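K.L.:
Give me a 3D structure for the following:
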Amino acid sequence: MSPPDLLALPQLPKDAPQDSGGPVFAEPWQAQAFALALRLHAQGAFTWPEWAQALSEELKAAGPMDDPAFYYERWLAALERLAIAKRLAGRQALADRKSAWADAYRRTPHGKPITL
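P.N.:
As a prediction, the model looks like this:
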């Protein structure tokens, strides 16, 4: 699967039905997760068929989606699963990083950048 094929995945949120400019992200983390998948593929971390399989399994396991944000939650879950399977990161390292981010955003004043 080439990157343009990735943009054609079913249920990928668009700004409007007539939008052909690519995906639209409601939150910065969604764009970052999207970009991370493209970057990891470009660096040879996984093939497009591996990515498509991981994302497909996450989407099937989750069932129907009413909220576009849910799609990117599954996207992120697929990335995490591949990162662990490919030994790019360990399960505990990912859990520790999530915890550090959660602590950082809780103590960061509204409107200020979050830093770890």
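
K.L.:
ranges for the helices of this protein?
P.N.:
For the chain, applying DSSP state H gives helices covering 3-7, 28-42, 48-62, 68-85, 91-107.

K.L.:
which of those helices sits most buried?
P.N.:
Ranked by mean neighbour count under mean count of other Cβ atoms under 10 Å, the helices of the chain are led by helix 68-85, which reaches a mean of 18. C-beta: built from backbone N, CA, C; applies to glycine.

K.L.:
Could you check the angle it makes with helix 48-62?
P.N.:
For helix 68-85 and helix 48-62, the angle between their directions (axes from the mean of the first three to the mean of the last three Cα atoms, to 10 degrees) works out to 120 degrees.

K.L.:
quick one: helix 68-85 to helix 28-42, angle?
P.N.:
Relative orientation of helix 68-85 versus helix 28-42 (the same axes, to 10 degrees): 40 degrees.

K.L.:
residues in contact with helix 68-85?
P.N.:
11-13, 25-27, 29-30, 33-34, 36-37, 40, 45-46, 50-51, 54-55, 57-59, 62, 65, 88-91, 94 (Cβ atoms under 8 Å, 6 or more residues apart in numbering).

K.L.:
on that earlier part again, can I get the helices of the chain in JSON lines with distance to residue 116 and mean pLDDT?
P.N.:
Formatted as JSON lines, the helices of the chain follow (distance: least, Cβ to Cβ, whole Å; pLDDT from 0 to 100):
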{"stretch": "helix 3-7", "distance to residue 116": "29", "mean pLDDT": "46"}
{"stretch": "helix 28-42", "distance to residue 116": "14", "mean pLDDT": "92"}
{"stretch": "helix 48-62", "distance to residue 116": "26", "mean pLDDT": "93"}
{"stretch": "helix 68-85", "distance to residue 116": "18", "mean pLDDT": "91"}
{"stretch": "helix 91-107", "distance to residue 116": "5", "mean pLDDT": "89"}
